[in-house]
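Visitor: got a sequence here, can you model it:
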Amino acid sequence: MAEASRILQTTIIPNFHPFHKTRFPQLHPLSFRRNPIHCSISASESPKITVTQDIPWGCENESLDNASALQKWLSDSGLPPQKMAIERVQVGERGLVASKNIRKGEKLLFVPPSLFITADSEWSSPEAGKVLKKSSVPDWPLLATYLISEASLLKTSRWSNYISALPRQPYSLLYWTRAELDRYLEASQIRERAIERVTNVVGTYNDLRLRIFSKHPELFPEEVFNLETFKWSFGILFSRLVRLPSMDGKFALVPWADMLNHSCEVETFLDFDKSSQGVVFTTDRPYQPGEQVFISYGKKSNGDLLLSYGFVPKEGTNPSDSVELLMSLRKSDKCYEEKLKVLRKHGLSASQCYPIRITGWPLELMAYAYLVVSPPTMISRFEEMAAAASNKTNTKKDIRYPEIEEEALQFMLDSCESSISKYNKFLQQSGSLDLDVTSPKQLNRRLFLKQLAVDLCNSERRILFRAQYILRRRLRDKRSGELKALNLFDGLRKLFK
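Guide: Residues are numbered from 1 along each chain as shown. Down below sits the predicted model:
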């Protein structure tokens, strides 16, 4: 799983041009890449898209109608006998459940490469694949288009049994409207990342449409390749695409393996096993028949899990949970321009988010706070502070400025309490939200989204409360120590007098 060492946006869908080869940035060599990945193609040149439609393929999220057909197709296509089966595990969910006793340390799955969907997979419509590859489309948009192309062929596609078992509407913030994001996630920084993701997916589609689809309508008809189908395909990729370290970081959709759900209590992940020539994972606990089998999607915060997968773990159960704290330069600062200049030099901005965990915060956050509160007399140190506030380098520098430490801690506390007040406001108002909704279907959706938002806000506010407590205690101890030192100094002065 991909470990989020910091919560900064990472773009892996770069701008592409039909005549220029595009390269992917390097990613961490871990496994199940169901992580926040962002497109970066501008939609400014494209006309407004008006085509919308229901997705004609796939199934409901909890449906088992196609499970037996999927298992039979996988078995006929080379998947060895399994100790797990697809079953309903919770309301609205499916998962893999043990059908036999499974030992701790046992390897499971063994899905062969012939069942992977990758950027190299053979197209049922070869001409469409040639056009995209000739235009140097990066892997993610290529895979998104491939999925739609194969899905539109229904039973004539080799992947029809797999696609028919995929959710028709993946759990993803891609399916939240802008009004819903504003309404339910106003207190969380995840809202901004969700808006950015939606904007970038729309931009990716618009760019493909402008550069490629509109020039080859016979291969990419708009009734098939439209914004709704791209939201579906990207939703599938965000929630199911695997990055396999042992295959040089190859991205793949791995049928059967992608039915495994996440648990914060396990650490095992998917990878390619060279000895058996298949995707496997090694259990880190035993399972009895009837128990759901889990893997880890990585060390992700509850916000990241909601962003890509549409669920929030129970409060306090995710040891990797974090909340993004927004820090900003003060525009009234006499050295605002000088500070902004050094921040930009190191890839930062006037407003910056840093992750806070229940165990503390990164050194970069403290360095940013030092820079914000530093007086003009410390202008020669601005460069050092900005460099330490940037996490672009592998070496973390723990800089300290005792003369302004109290001001830095107070600034962090003020930022923390400002965020807490936003969470308090939302949680207090959440009980009265949606009382005006009369449609049962719409009300059920609203209640579901609101509960997700409440769960996220409670988990993020819990971390902020902990940070608030630590900061108040450190300030109290510091001020108490300074008072004792001042009293001692006064006592010595009186003695000498």
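Visitor: alpha carbons only for contacts and neighbour counts from here, please
Guide: Will do.
Visitor: kindly export stretch 152-169 (C-alpha atoms) in PDB.
Guide: Extracted as PDB, the C-alpha positions of stretch 152-169 are listed here (Å, rounded to 0.1, in the frame of the first residue of the first chain):
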ATOM      1  CA  SER A 152     -19.800  -0.800 -24.300                       C
ATOM      2  CA  LEU A 153     -19.300  -4.100 -26.200                       C
ATOM      3  CA  LEU A 154     -21.200  -5.900 -23.500                       C
ATOM      4  CA  LYS A 155     -21.100  -9.700 -24.000                       C
ATOM      5  CA  THR A 156     -18.700  -9.500 -27.000                       C
ATOM      6  CA  SER A 157     -15.900  -8.200 -24.800                       C
ATOM      7  CA  ARG A 158     -13.500 -10.700 -23.200                       C
ATOM      8  CA  TRP A 159     -14.000  -8.800 -19.900                       C
ATOM      9  CA  SER A 160     -17.800  -8.800 -19.900                       C
ATOM     10  CA  ASN A 161     -18.200 -11.000 -16.900                       C
ATOM     11  CA  TYR A 162     -15.800  -8.800 -14.900                       C
ATOM     12  CA  ILE A 163     -17.300  -5.500 -16.000                       C
ATOM     13  CA  SER A 164     -20.800  -6.800 -15.300                       C
ATOM     14  CA  ALA A 165     -19.700  -7.400 -11.700                       C
ATOM     15  CA  LEU A 166     -18.300  -3.900 -11.300                       C
ATOM     16  CA  PRO A 167     -20.400  -1.300  -9.400                       C
ATOM     17  CA  ARG A 168     -22.500   0.800 -11.700                       C
ATOM     18  CA  GLN A 169     -21.800   3.800  -9.500                       C
END
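Visitor: buried ones in that stretch, by neighbour count?
Guide: Neighbour-count burial for stretch 152-169 flags 152, 154, 157-169 (criterion: 16 or more other C-alpha atoms under 10 Å).
Visitor: these two touch, right, N101 and P289?
Guide: Yes: using C-alpha atoms under 8 Å, N101 makes contact with P289 at a distance of 5.7 Å.
Visitor: could I get the full set of strands for the stretch 1-150 of the chain?
Guide: Along the stretch 1-150 of the chain, the segments classed as strands by DSSP state E, counting those that start in this stretch run 11-13, 38-39, 84-90, 93-98, 107-111.
Visitor: can you put the ones you listed in CSV and add mean neighbour count?
Guide: What follows is the strands of the stretch 1-150 of the chain, written out as CSV (neighbours: other C-alpha atoms under 10 Å):
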stretch, mean neighbour count
strand 11-13, 19
strand 38-39, 23
strand 84-90, 18
strand 93-98, 21
strand 107-111, 20
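Visitor: now the ones you listed in a markdown table, please, with extra columns for distance to V202.
Guide: Shown next, in a markdown table, are the strands of the stretch 1-150 of the chain (distance: least, C-alpha to C-alpha, whole Å):
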| stretch | distance to V202 |
| --- | --- |
| strand 11-13 | 13 |
| strand 38-39 | 9 |
| strand 84-90 | 32 |
| strand 93-98 | 27 |
| strand 107-111 | 33 |
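Visitor: can you list these in JSON lines and add distance to S214 and mean pLDDT?
Guide: JSON lines is the format used below for the strands of the stretch 1-150 of the chain (distance: least, C-alpha to C-alpha, whole Å; pLDDT from 0 to 100):
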{"stretch": "strand 11-13", "distance to S214": "21", "mean pLDDT": "32"}
{"stretch": "strand 38-39", "distance to S214": "20", "mean pLDDT": "34"}
{"stretch": "strand 84-90", "distance to S214": "40", "mean pLDDT": "93"}
{"stretch": "strand 93-98", "distance to S214": "38", "mean pLDDT": "95"}
{"stretch": "strand 107-111", "distance to S214": "38", "mean pLDDT": "97"}
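Visitor: so which of those gets nearest G249?
Guide: strand 11-13 (13.2 Å; C-alpha to C-alpha).
Visitor: for the helix or strand where L343 lies, packing partners?
Guide: Taking DSSP states H and E as the definition, L343 sits inside helix 336-345. The elements that helix 336-345 packs onto, with contact taken as 3 or more C-alpha pairs under 8 Å, 6 or more residues apart in numbering; DSSP states H and E, are helix 382-389.
Visitor: for L142, which of the strands of the stretch 1-150 of the chain is the nearest?
Guide: strand 11-13 (10.4 Å).
Visitor: how near is the nearest residue to P80 once chain neighbours are set aside to V280?
Guide: For P80, ignoring the flanking residues on the chain, the nearest one in space by C-alpha to C-alpha, 6 or more residues apart in numbering is F110 at 7.0 Å. F110 sits 5 Å away from V280, taking C-alpha to C-alpha, to the nearest Å as the criterion.
Visitor: check K104 too.
Guide: 14 Å.
Visitor: who's more crowded, these two?
Guide: More neighbours surround V280 than the other of K104 and V280, with 21 against 12 (other C-alpha atoms under 10 Å).
Visitor: what does the host helix or strand of the more buried one contact?
Guide: Secondary structure from DSSP H and E places V280 in strand 278-282. Strand 278-282 has contacts (C-alpha atoms under 8 Å, 6 or more residues apart in numbering) with 104-113, 254, 257, 268-273, 295.
Visitor: for it, what does the pLDDT average out to?
Guide: In this model, strand 278-282 has a mean pLDDT of 97.
Visitor: show me what that strand pairs with in its sheet, parallel or antiparallel.
Guide: Strand pairing for strand 278-282, using DSSP bridges, gives strand 107-111 (antiparallel), strand 271-273 (antiparallel).
Visitor: for S246, which non-adjacent residue is closest in space?
Guide: Nearest residue to S246, sequence neighbours excluded (C-alpha to C-alpha, 6+ apart): F272, at 5.6 Å.
Visitor: any idea how far K83 is from the one you found?
Guide: 19 Å.
Visitor: tell me which of these two has more neighbours.
Guide: Shown here are F272 and K83; by other C-alpha under 10 Å, F272 has more neighbours (23 against 15).
Visitor: list the contacts for F411?
Guide: Contacts of F411 (C-alpha under 8 Å, 6+ apart): 369, 373.
Visitor: so it: helix, strand or coil?
Guide: State at F411, reduced to three classes by DSSP: H, G, I helix; E, B strand; the rest coil: helix.
Visitor: cool, and the one 3 residues further on?
Guide: Three states are possible here, and by three-state DSSP the one that applies to D414 is helix.
Visitor: against L210, how distant is it?
Guide: With C-alpha to C-alpha as the criterion, D414 and L210 are 47 Å apart.
Visitor: again with F220
Guide: 12 Å.
Visitor: so between these two, which is more surrounded?
Guide: Taking neighbours as other C-alpha under 10 Å, F220 and L210 compare with F220 leading, 19 against 15.
Visitor: and the more buried one, that's in a helix?
Guide: No: read with three-state DSSP, F220 is coil and lies in no helix.
Visitor: name the residues that touch stretch 467-483?
Guide: 356, 358, 360, 406, 409-410, 412-413, 416-417.
Visitor: which among those residues count as buried?
Guide: Buried among the contacts of stretch 467-483 (16+ other C-alpha under 10 Å): 356, 358, 406, 409-410, 412-413, 416-417.
Visitor: poorly predicted segments of the stretch 1-150 of the chain, please.
Guide: Low-confidence segments of the stretch 1-150 of the chain, defined by pLDDT under 70: 1-53, 91.
Visitor: neighbours around the closest residue in space to K100 that isn't next to it in sequence, how many?
Guide: Leaving aside its sequence neighbours, K100 sits nearest to P289 (C-alpha to C-alpha, 6+ apart; 5.0 Å). Look at P289: counted by other C-alpha under 10 Å, it has 14 neighbours.
Visitor: what about P289, which SS state?
Guide: P289 ends up coil, using three-state DSSP.
Visitor: look up how far L96 lies from it.
Guide: 11 Å.
Visitor: just A151 next, same as before
Guide: A151 is 24 Å from L96, by C-alpha to C-alpha.
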